[in-house]
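*Asks:* Structure here, sequence nowhere to be found:
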Ligand SMILES: Cc1cc2nc3c(=O)[nH]c(=O)nc-3n(C[C@H](O)[C@H](O)[C@H](O)COP(=O)(O)OP(=O)(O)OC[C@H]3O[C@@H](n4cnc5c(N)ncnc54)[C@H](O)[C@@H]3O)c2cc1C
């Protein structure tokens, strides 16, 4: 083909247009795309922006905050998700102050009366549908507590103290050391070794299970770390901070502090790494490009992502197999203080469909109970999810009323939240099965091609909100090292 002047001109303008487009693209493409506007994503974006990197946060939901989600339709904004900011949460406390959120200490409201911290058994015990007055418990026929502990209230407070007495870790951060792998077996085995019966394990651990579905499927190494970490929180400062307006106010203020807007309703469906750049593909057809990507998505939601190239085998295995806790919560608002009629606390620890019911005091008056929150965990969460929302709430209220006839007709359902039915969470916190800790935690953290990973499931020295922040910080520094 001969090139005349006209064609040359045409080619020249096409080349110029391409150049202009790629320049605009270069200006538009940030250094880093952060997927997820929960605590870990927002904190990593804040640190990257502070260090001078350009960053775009994209979020699948139509709100920021992720697993911080406040029930703003209920007095005092109780939390569907992350609740207490504890004594050792340095990053959470600092960042909240820096973005203008003044935290309020709710520790004195965590127990039923201002004097209740002296009485950790202020929650009532109800087994097989019947309330057991505290005085009756030590000699009650259903009391299967271990010898020497017949007067103890069953559940987490008790077994966590026992784990503390048998914790072999010298420093809790050692939980990921190769030497600690010897402790990575089921917590069931540990309880058996210290002489507990199956009935005692079932009552204390498997009822209202907080980590895993039973003592068989949870790592004792995870518990040794978690127990020592929780103890440290209280030893540092016995506080339980919350944000006015609900904890969701914290990520909202963090997002507002970023130089650019968070792009909401951008459900990521795939990430492609290429030489020189990464592409993030969203369900609405949009594509974001950057030098690096930080993926903060919770473990089960990553199972729906297309990674190109495929992730390394161990990382793919960790994403496919590390379990997360199942939790379904129900909020009930009392029409009147029925507990004044029957003389028992409205907070109950049960083996019925009510699960564990907490009495929350979130309003102006720190002594007034504003709502009851029922926690269904593990298989109970699955069971509640198998009903319609209305039927699940009716079921929990009916069970509560059976135990507490004084509550009949006085509990108004105010909402239900199943974290595992939420497509942007698909469950709650990561839990570690026996024999997986020393390999799977690292596999979840490791970067793959141009993708870096954070989120509470990748924290190594903290759990919960502070774990999310720790992981966001680590990912931001990881990226700053390579861009
Ligand atoms: C019931 C409950 C109680 C809790 N109690 C406490 C407590 O008292 N104290 C404590 O410290 N912690 C608590 N936590 C844990 C704490 O809330 C979490 O550890 C923390 O908020 C997790 O932050 P994250 O950034 O790791 O994840 P997330 O907050 O889940 O952020 C991940 C983000 O990714 C987004 N995302 C997911 N999929 C996609 C997709 N395909 N495309 C785009 N975006 C996507 C999500 O929408 C979300 O915004 C609790 C959590 C729950 C649910």
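*Replies:* Sure, I can see it. Source: prediction; values computed, not measured.
*Asks:* Doesn't residue 247 lie inside a helix?
*Replies:* No. Under DSSP: H, G, I helix; E, B strand; the rest coil, residue 247 falls outside any helix and is assigned coil.
*Asks:* okay, now the residue lying closest to it once chain neighbours are set aside: neighbour count?
*Replies:* Nearest residue to residue 247, sequence neighbours excluded (C-beta to C-beta, 6 or more residues apart in numbering): residue 68, at 4.8 Å. C-beta: built from backbone N, CA, C; applies to glycine. Number of residues near residue 68 (other C-beta atoms under 10 Å) recorded here: 23.
*Asks:* Kindly report the same for residue 242.
*Replies:* 25.
*Asks:* And residue 398, by the same measure?
*Replies:* Residues within reach of residue 398, counting by other C-beta under 10 Å, total 14.
*Asks:* and what of residue 397?
*Replies:* 23.
*Asks:* my guess is it meets residue 334, correct?
*Replies:* No. Taking contacts as C-beta atoms under 8 Å, residue 397 lies outside contact range of residue 334: 10.9 Å.
*Asks:* Tell me the confidence at the residue of the stretch 351-483 of the chain found nearest the ligand?
*Replies:* Relative to the ligand, the nearest point of the stretch 351-483 of the chain is residue 464 (2.3 Å; C-beta to the nearest ligand atom). Per-residue pLDDT puts residue 464 at 98.
*Asks:* Give the full set of residues in contact with it.
*Replies:* 82, 429, 456 (C-beta atoms under 8 Å, 6 or more residues apart in numbering).
*Asks:* Let me see the backbone angles for the last one.
*Replies:* For residue 456, the backbone dihedrals (degrees, to the nearest 10) come out as phi -50, psi -30.
*Asks:* Show the pLDDT at it.
*Replies:* At residue 456, pLDDT is 98.
*Asks:* dump the residue contacts of it.
*Replies:* 40, 67, 429, 430, 463, 464, 465, 467, 468, 471.
*Asks:* Any figure for the gap between residue 250 and the ligand?
*Replies:* 10 Å (C-beta to the nearest ligand atom, to the nearest Å).
*Asks:* The spatially closest residue to residue 253 that is not a sequence neighbour: how many residues sit nearby?
*Replies:* Nearest residue to residue 253, sequence neighbours excluded (C-beta to C-beta, 6+ apart): residue 99, at 3.8 Å. Counted with other C-beta under 10 Å, residues neighbouring residue 99 total 18.
*Asks:* Now do the contacts for residue 99.
*Replies:* 250, 253, 254, 256, 257.
*Asks:* in the stretch 251-400 of the chain, which spans are helices?
*Replies:* For the stretch 251-400 of the chain, the helices defined by DSSP state H, counting those that start in this stretch cover 299-302, 313-321, 339-342, 379-385, 389-403.
*Asks:* Run through the protein and note the low-pLDDT ranges.
*Replies:* Scanning the chain for pLDDT under 70 picks out 1-27, 111-121.
*Asks:* Isn't residue 257 up against residue 47?
*Replies:* No. The pair residue 257 / residue 47 is not scored as a contact, 11.6 Å apart, by C-beta under 8 Å.
*Asks:* Pick out whichever of the two has more residues nearby.
*Replies:* residue 47 (19 against 16).
*Asks:* next one: phi and psi at the more buried one?
*Replies:* Dihedral angles for residue 47 - degrees, to the nearest 10 - are phi -70, psi -40.
*Asks:* Quick check: it touching residue 474?
*Replies:* No. Judged on C-beta under 8 Å, residue 47 makes no contact with residue 474 at a distance of 10.1 Å.
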